[in-house]
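Undergrad: just coords:
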């Protein structure tokens, strides 16, 4: 009997990733869960076998069509492996047939690396939380009850829902003014397109108290600190260009969705230092104002529709993929000229209370051609993970020094994946 493969379209956000993925910018991100005990590979494989049944889209591969890329169901079976490759190495290869995610382990760490066309951070986190739960249930059958569940019970249809398509309408909003070119970071890079990692772990309560004392959210406060840290290395002439941070926005917080696929937008928040007050308070006031201005359901809805409109435009649909790819690459290059760095806050990661004692922390990283900060929290541990292709980590260290100077205790790790190999942490 012939096997009939199911296929589905890439969502609106995913369409940009296949044509713009390179060895220098792989469009791969990683979530890690660090346990309090060493990972047992066989148990992890059993947990992965259970998890993949809950997320059928994760069996997909990407194929090229005449007009668009698309997902095709495969019979490939994911296998766990001990970590041996560089962080966020390429997963998608248009010339090969492979799954769009990998599960690895090392010491106490369970790693999930995902190609961004498959899912965003929220969707991938649903997968990892399910994987960790199944792992701990298998590993501790006598200590844990079998009926532990996560606060995520979406159906298969809901998990594979294309929420961009669900909320799309032809409603037109006002045009955004053309953004100026942003200050761009430069410097000597790592060889072989590798990325460096600098991670800081701190108390959620300390950071929350500090942010509230400045009448800001944690994200607003840290974006302002990052902008000022970047400015610390700029010349007077370079200060003529704004420092612009791009911030992904989880659209599920504004438009109900249980999708485990991509459903995010972005806002760009910047500050031009030339002729302006360079104090943190001044930068923070501008950042807070931009967050309040851009993070409204109406503004996000208009922007989402603008980005989706091209996909639904009949002439655009009829352009062959071979011609679409160069156009998407050019559009991606133009948008990158408006960005200095990126900051992504995944937020608080919740796990069932019964298994919390087996988990030390979660963290998240992403491949990048520029400076990127990713944050998440579990319990009272808030982790800021910087990735960058540059050898210099002056900006990152300035960022953490600013926090410690304001009373936040920070534990630094130059490469958290090497902790198990004997590298020591530094405390600022």
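TA: Structure's in. What do you need? Note that this is a predicted model, so its numbers are computed, not measured.
Undergrad: which parts of the stretch 301-428 of the chain are helices?
TA: Secondary structure of the stretch 301-428 of the chain (DSSP state H, counting those that start in this stretch): helices at 314-317, 321-336, 394-405.
Undergrad: now swap in the stretch 101-250 of the chain and tell me
TA: Under DSSP H, counting those that start in this stretch, the stretch 101-250 of the chain gives helices at 121-139, 156-159, 163-167, 204-213, 218-231.
Undergrad: one step back: let me know which of the helices of the stretch 301-428 of the chain is tucked in deepest.
TA: helix 394-405 (a mean of 18; mean count of other CB atoms under 10 Å). No exception for glycine: its C-beta is placed from N, CA and C like everyone else's.
Undergrad: now the most centrally placed residue in the chain: how far from residue 114?
TA: Central residue of the chain (CA atoms, centre = their mean): residue 121, 4.9 Å from the mean position. As for residue 121, its distance to residue 114 is 9 Å (criterion: CB to CB, to the nearest Å).
Undergrad: need the residues touching each of the two.
TA: Common contact partners of residue 121 and residue 114 (CB atoms under 8 Å, 6 or more residues apart in numbering): 29, 31.
Undergrad: which residues does the closest residue to the residue nearest to the centre of the chain other than its chain neighbours contact?
TA: Leaving aside its sequence neighbours, residue 121 sits nearest to residue 346 (CB to CB, 6 or more residues apart in numbering; 5.1 Å). Going by CB under 8 Å, 6+ apart, residue 346 touches 121, 122, 125, 364, 374, 375, 376.
Undergrad: can you select the buried ones from the residues you listed in ChimeraX?
TA: A single ChimeraX command is used to select the members of the contacts of residue 346 judged buried by 16 or more other CB atoms under 10 Å:
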select :121,122,125,364,374,375,376
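Undergrad: out of the contacts of residue 346, who's nearest residue 158?
TA: Ranked by distance to residue 158 (CB to CB), the contacts of residue 346 are led by residue 122 at 13.2 Å.
Undergrad: return the per-residue confidence for the closest one.
TA: Note on residue 122: pLDDT of 96.
Undergrad: what of residue 342?
TA: Predicted confidence (pLDDT) for residue 342: 98.
Undergrad: before we move on, the earlier item: now the helices of the stretch 301-428 of the chain in TSV, with distance to residue 105 and mean pLDDT?
TA: Formatted as TSV, the helices of the stretch 301-428 of the chain follow (distance: least, CB to CB, whole Å; pLDDT from 0 to 100):
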stretch	distance to residue 105	mean pLDDT
helix 314-317	43	80
helix 321-336	33	91
helix 394-405	27	97
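Undergrad: right, so of the ones you listed, which gets closest to residue 207?
TA: The closest of the helices of the stretch 301-428 of the chain to residue 207 is helix 394-405. By CB to CB, the value is 7.6 Å.
Undergrad: and the closest one, what other elements does it pack with?
TA: strand 196-203, helix 218-231, strand 371-378, strand 381-388 (3 or more CB pairs under 8 Å, 6 or more residues apart in numbering; DSSP states H and E).
Undergrad: the first one vs strand 371-378, what angle?
TA: Regarding strand 196-203 and strand 371-378, their directions subtend 30 degrees when assessed with axes from the mean of the first three to the mean of the last three CA atoms, to 10 degrees.
Undergrad: and strand 196-203, how far out from the chain's middle?
TA: 16 Å (CA atoms, centre = their mean, to the nearest Å).
Undergrad: pairing partners for that strand, with directions?
TA: Strand 196-203 has its sheet partners listed here by DSSP bridges as strand 381-388 (antiparallel), strand 411-413 (antiparallel).
Undergrad: how about the third one?
TA: Take DSSP bridges as the rule and strand 371-378 pairs in its sheet with strand 341-348 (parallel), strand 381-388 (antiparallel).
Undergrad: winner for burial among those strands?
TA: Of the strands paired with strand 371-378, strand 381-388 is the most buried (mean count of other CB under 10 Å), at a mean of 24.
Undergrad: if I look at the spatially closest residue to residue 403 that is not a sequence neighbour, how far off is residue 85?
TA: Of all residues not flanking residue 403 in the chain, residue 410 sits nearest, at 5.8 Å (CB to CB, 6+ apart). Using CB to CB, residue 410 is found at 29 Å from residue 85.
Undergrad: in terms of neighbours, single out the busier of those two.
TA: Neighbours were counted for residue 410 and for residue 85 using other CB atoms under 10 Å; residue 410 has more, 21 against 11.
Undergrad: correct me if wrong: the more buried one contacts residue 203.
TA: No. Residue 410 is beyond contact range of residue 203, at 9.3 Å (criterion: CB atoms under 8 Å).
Undergrad: and residue 426, what's its pLDDT?
TA: pLDDT, residue 426: 46.
Undergrad: repeat that for residue 8.
TA: Each residue has a pLDDT score; the one for residue 8 is 89.
Undergrad: double-check that it belongs to a helix.
TA: No. Residue 8 is assigned strand when assessed by DSSP: H, G, I helix; E, B strand; the rest coil, not a helix.
Undergrad: distance of the nearest residue to it once chain neighbours are set aside relative to residue 326?
TA: Among residues not flanking residue 8 along the chain, residue 71 sits closest, at 4.8 Å (CB to CB, 6+ apart). Taking CB to CB as the measure, residue 71 falls 23 Å from residue 326.
Undergrad: try residue 158
TA: Taken as CB to CB, the span from residue 158 to residue 326 is 36 Å.
Undergrad: lowest average confidence, helix or strand, in this protein?
TA: Ranking every helix and strand in the chain by mean pLDDT, DSSP states H and E puts strand 426-427 at the bottom, with a mean of 45.
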